[in-house]
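Asker: Take this sequence and fold it.
(chains A and B)
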Amino acid sequence: GKNEYDLLVIGGGSGGLACAKEAAQFGRKVAVLDYVDPSPQGTTWGLGGTCVNVGCIPKKLMHQAALLGSALKDAPHYGWNTAQPVHHSWSVMAQAVQNYVKSLNWGHRVQLQDKKVKYFNMKGSFSDPHTVRGLTKAGKETIITADNIVIATGGRPKYPTHIAGALQYGITSDDLFWLKESPGKTLPSFILYVSLECAGFLTGIGLDTAVMMRSIPLRGFDQASMEHLTQMASLVTEHMESYGTKFLKRCFPTKVEKLESNRLQVTWKNTDLGTEETDSFDTVMWAVGRAPDTKTLNLETIGVKTNSETGKIIVDASEATSVPHIYAIGDITEGRPELTPTAIAAGKLLARRLFGQSAELMDYDTVPTTVFTPLEYGCVGLSEEAAVQCHGSDNVEVFHAYYKPLEFTVAERDATQCYMKMVCLREREQRILGLHFIGPNAGEVIQGFALGIKCGATYPQLMKTVGIHPTCAEEVTKLHITKRSGLDATVTGC
Amino acid sequence: SVQAHKEDKPQKPMEMNGLTPVPDSYDYDLIVIGGGSGGLAAAKEAAKYEKKVMVLDFVKPTPQGSSWGLGGTCVNVGCIPKKLMHQAALLGQALQDSRKFGWQFTEEVKHNWMTMTESVQNYIGSLNWGYRVSLRDNKVTYENAYGEFVGPHTIKATNKRGVEKVYTAERFLIATGERPRYLGIPGDKEYCISSDDLFSLPYCPGKTLVVGASYVALECAGFLAGLGFFFSVMVRSILLRGFDQDMANKIGEYMKEHGVNFIREFVPIKVEQLEEGTPGRLKVTAKSTTGDQIIEGEYNTVLLAIGRDPCTFFFWLDKVGVNINEKTGKIPVNDEEQTNVPYIYAVGDILQDKLELTPVAIQAGRLLVRRLYAGATTKCDYVNVPTTVFTPLEYGACGYSEETAVEKFGEENIEVYHSHFWPLEWTVPSRDNNKCYAKIICNIQDNERVIGFHVLGPNAGEVTQGFAAAIKCGMTKEQLDNTVGIHPVCAEV
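Answerer: Modelled structure (predicted):
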């Protein structure tokens, strides 16, 4: 018989909702399934996916809370009579953040309703290529059929299950943002940007925080090259260290136990010294990577191919899986950046190709991004290492500068790690391959330049652009010292 | 006729009939008059090419007696102190927000003007010092003296103590900038202050009246409001003349909603002192521009920000035949910053029909010097220069305003895309939903090329800079659409 829906989207996150709403614009019959399996600690949340509930949004708000802590320290230099030190209340912040997130959940439900998209709070699994079985929390079953199906179920944090006590006693980012009470002395473990960002804001609001890392920071941040962020990553972590976060480098945990006091005792191996060490914490947070939850989807039954190592769904340039009429977007897809804006864009374009007579494919090239550590890191394009690997060090020129934001001067803040670099081709045109910026408001700075790079911006064009004074971003238009020259790259004066 | 002379010999009278032979060897290759953004950049650049360079810088004290060191307007009484005080005001707002983010303090937060001003002045002092060291390191001779032309290739420099010296140079660069304009009404010079005085004011300004609608007026009004001063802004007609009026009105609305009282369509006609003091009490009488209505108000401080005038009228440019615009006092130059006298150039705020911005002056100065001494040909590109107004809600712009775009291309040939947005950081403290705004103006006939970019929101300068670079690369709407946003930031809008 005829399928009930034109489009069924499994997963109500950034990609899924964008795709569904766009398809509805074309007058199509669309349904969305969204369901959150509670975390091992029992945390769950509403419609909107990772970004809204346990990702970008609460992360940035808590990052802001930490930044405001810095502002409170700066304020007396600027004449404000705030008493120091100021105490922070986790529960006030968490409540405010959670309330805002809930308003977004609500907003998404209203939007779906307005656009006449049917929403099911159910967990989906495939019966056949056009049929999905939806299951509610209570166990009630609904069968849904659709002409086209988009899988956008994203990922969930991994647990290092080989470590005793990890699953039982540790939390992840899924739980952190929903804690009603302060995590106290925390140990986010291993290094991914999630770990650094969380450690950053936890330190910023006054919590004793340590980060345990096995090897290099920000490994795996960019799928294109593993080692590449060494320079930028070390500047970021250097800043965090001077800011108060402790780093336990080249260590890996071996077990987590619960003490009588209800605190957690972590035992780890220090590979540098070859010793075993322990310490107690209130909270241990794992940030060892995210993995797609595809088991319950029943993908093998219908023949959707996944990458055997990562478990992610393999798609082509049009987001199509190995099964006709079944597509996948967002974090669940293999080889794509795990970012909200790319999922949204891919979702919209997919809907337009399916129902709007468009042929436009998603362009995953030169996607800008930002890590919201205490000193933010924004970047677009190739890293220095990737550029050298791709073009050879003789053909790559790196312009760089250490600068000091004006606002840091009166506040007497350390700007040692405020740094930027532009990676260009050396030949005549000097096309810009990548731009990297560490400093306040890194995201705001990088966005416009990302646009320029997409337009094929060259170094001479950037030099012709007049700076806006006084800002940090203007220093990008003044970059002129090359790494090759070995000259001091510190910006001096006006 | 006059022969070449040494630095400390007194000058003999010269003949001005044009047949006077000029000295055949000059004291300097280049003398820069004005040690501000443009002048210093040019001087240091010239020294790089082993030229013998001198910088003359002198600050005539304000009617209130304020003065400052080397560095020009930007460093001493412009961009730098302005942005720092703007930051102080933003921190005030941050303190309010922080409570909602969990920071706990019960006391009411108050601001101390003297603490802030001292910090700011200390930083400026370090910059003044830095410039002097930098000039010395670059082997540029610096004199804290007032320069006036006395004949071809010849300038007289008078220092604070009245000692005069005469110098000659092959080329001159005029970069003397501007100073705030006064109203020309009774009491203005005696009792009012300007931006020249504000940033070093040794006492708290108290209840302030800001006169003017320029970006200087609005920026000062903005941070004064943020620091907790009660005051008003008196505006003759429109806000931010020359800027996109749609954006200007939004800025005004925001300021009004945040405690700024606008007195529109009035001009002051008299300022009287009621009581001396630091600050004292002043009475301002103002007349309506649309009728006969007269109003009076009492303030501790009156800040005039009605415009700036060039410092050309005072240093005898006619002695060397440099044309200046009689009405404005500005110097017209060709596209190589050359005046009508071939060996005299000019950069910065003093130029006619050019932008009054530090980075433009610096760029123009450097490129000029490279053309003169390094065989370069690149001219300063004055098109699509981005700028930012640091009002409480910051405004960044690059390219055409909506009005000028319509005028130039015709309404049917442009498309304006726009959006309000709510910065994520403002959600939790429930601040100002839907006040932030961004728009781009596209030329339909040219592939929807982006010809104007405007954003109203926090960190507008940081946001706008990159887009300015993209506009320089000729970005189109399609390319903009294809660029993925960074999430969650304001710029992704």
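Asker: what does the stretch 301-450 of chain A have sitting close to chain B?
Answerer: A:339-342, A:345, A:363, A:366-370, A:378, A:406-407, A:409-410, A:441, A:443-450 (Cβ under 8 Å from any Cβ of the partner chain). Any C-beta I mention is one placed from the backbone N, CA and C, and that applies to glycine too.
Asker: Pick out the residue in chain A sitting closest to chain B.
Answerer: In chain A, the residue that lies nearest chain B is residue A:448 (2.2 Å; Cβ to the nearest Cβ).
Asker: helices or strands next to the helix or strand containing that residue in the packing?
Answerer: Element membership of residue A:448, judged by DSSP states H and E, is helix A:442-454. In terms of contacts (3 or more Cβ pairs under 8 Å, 6 or more residues apart in numbering or on different chains; DSSP states H and E), helix A:442-454 is packed against strand A:369-371, strand A:377-381, strand A:432-438, helix B:460-472, helix B:477-482.
Asker: re the thing from before, might you report the residue contacts of the residue of chain A closest to chain B?
Answerer: Contact analysis of residue A:448 by Cβ atoms under 8 Å, 6 or more residues apart in numbering or on different chains lists A:473, B:463-470, B:491.
Asker: In a markdown table, list those residues along with neighbour count, distance to residue A:250 and pLDDT.
Answerer: Converted to a markdown table, the contacts of residue A:448 look like this (neighbours: other Cβ atoms under 10 Å in any protein chain shown; distance: Cβ to Cβ, whole Å; pLDDT from 0 to 100):
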| residue | neighbour count | distance to residue A:250 | pLDDT |
| --- | --- | --- | --- |
| A:473 | 31 | 36 | 92 |
| B:463 | 30 | 39 | 91 |
| B:464 | 29 | 43 | 92 |
| B:465 | 30 | 39 | 93 |
| B:466 | 32 | 37 | 90 |
| B:467 | 31 | 42 | 91 |
| B:468 | 28 | 44 | 92 |
| B:469 | 32 | 40 | 91 |
| B:470 | 30 | 42 | 90 |
| B:491 | 29 | 37 | 76 |
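Asker: Highest mean neighbour count out of the helices and strands packed on helix A:442-454?
Answerer: Among the helices and strands packed on helix A:442-454, ranked by average contacts under mean count of other Cβ atoms under 10 Å in any protein chain shown, first place goes to helix B:460-472 (a mean of 29).
Asker: State the distance from the closest residue to chain A within the stretch 151-300 of chain B to residue B:220.
Answerer: Of all residues in the stretch 151-300 of chain B, residue B:227 sits closest to chain A, at 7.5 Å by Cβ to the nearest Cβ. Distance, residue B:227 to residue B:220, using Cβ to Cβ, to the nearest Å: 11 Å.
Asker: can you give me the strands for the stretch 1-150 of chain A?
Answerer: A:5-10, A:30-33, A:87-88, A:118-120, A:123-128, A:131-135, A:141-151 (DSSP state E, counting those that start in this stretch).
Asker: can you give me how far the fifth one is from the chain middle?
Answerer: In this view, strand A:123-128 has its centroid 28 Å away from the chain centroid, taken as Cα atoms, centre = their mean, to the nearest Å.
Asker: and if you look at the last one?
Answerer: Offset of strand A:141-151 from its chain centre (Cα atoms, centre = their mean): 29 Å.
Asker: Flag the shaky bits of the stretch 251-400 of chain B, pLDDT-wise.
Answerer: B:312-315 (pLDDT under 70).
Asker: Flag every residue of it that's near chain A.
Answerer: B:357-360, B:363, B:381, B:384-388, B:396.
Asker: Just those: which are in helices?
Answerer: B:358-360, B:363 (DSSP state H).
Asker: Now, of those residues, which are buried?
Answerer: B:358-360, B:363 (16 or more other Cβ atoms under 10 Å in any protein chain shown).
Asker: so where's the longest helix in the chain?
Answerer: Because you didn't say which chain, this covers chain A. Per DSSP H, chain A has its longest helix at helix A:90-114.
Asker: wait, I meant chain B there
Answerer: Max-length helix for chain B by DSSP H is helix B:113-137.
Asker: Tell me which residues of that helix come out buried.
Answerer: B:113, B:115-121, B:123-124, B:127-128, B:130-132, B:134-135.
Asker: From those residues, list the ones also adjacent to chain A.
Answerer: B:113, B:115-117, B:119-120, B:123, B:127, B:130-131, B:134.
Asker: How about residue B:261, nearest residue that isn't a chain neighbour?
Answerer: For residue B:261, ignoring the flanking residues on the chain, the nearest one in space by Cβ to Cβ, 6 or more residues apart in numbering or on different chains is residue B:232 at 4.2 Å.
Asker: I'd guessed that neighbour sits against residue B:210; true?
Answerer: Yes. Assessed by Cβ atoms under 8 Å, residue B:232 is found in contact with residue B:210 at 7.3 Å.
Asker: if you count what's nearby, which of the two comes out ahead?
Answerer: Comparing residue B:232 with residue B:210 by neighbour count (other Cβ atoms under 10 Å in any protein chain shown), the higher total belongs to residue B:210, at 30 against 18.
Asker: about what we covered before: can you tell me the closest non-neighbouring residue to the residue of the stretch 151-300 of chain B closest to chain A?
Answerer: According to Cβ to Cβ, 6+ apart, the nearest residue to residue B:227 is residue B:111 (4.8 Å).
Asker: How about the one you found: which residues does it bridge to?
Answerer: residue A:80 (DSSP bridges).
Asker: Could you report the pLDDT at it?
Answerer: Confidence at residue B:111, expressed as pLDDT, is 91.
Asker: residues contacting it?
Answerer: Here residue B:111 is in contact with A:79-81, B:88, B:92, B:227-228 (criterion: Cβ under 8 Å, 6+ apart).
Asker: Pick out whichever of these sits closest to residue A:492.
Answerer: Taking Cβ to Cβ as the measure, residue A:492 lies nearest residue B:88 of the contacts of residue B:111, at 25.0 Å.
Asker: and the residue in chain B that chain A sits nearest to, what does it touch?
Answerer: Nearest residue of chain B to chain A (Cβ to the nearest Cβ) works out as residue B:466 at 2.2 Å. By Cβ under 8 Å, 6+ apart, the contact list for residue B:466 reads A:445-452, A:473, A:476, B:491.
Asker: Output those residues in JSON lines; the columns should cover distance to residue B:96.
Answerer: Shown next, in JSON lines, are those (distance: Cβ to Cβ, whole Å):
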{"residue": "A:445", "distance to residue B:96": "26"}
{"residue": "A:446", "distance to residue B:96": "29"}
{"residue": "A:447", "distance to residue B:96": "27"}
{"residue": "A:448", "distance to residue B:96": "29"}
{"residue": "A:449", "distance to residue B:96": "32"}
{"residue": "A:450", "distance to residue B:96": "33"}
{"residue": "A:451", "distance to residue B:96": "34"}
{"residue": "A:452", "distance to residue B:96": "36"}
{"residue": "A:473", "distance to residue B:96": "26"}
{"residue": "A:476", "distance to residue B:96": "32"}
{"residue": "B:491", "distance to residue B:96": "24"}
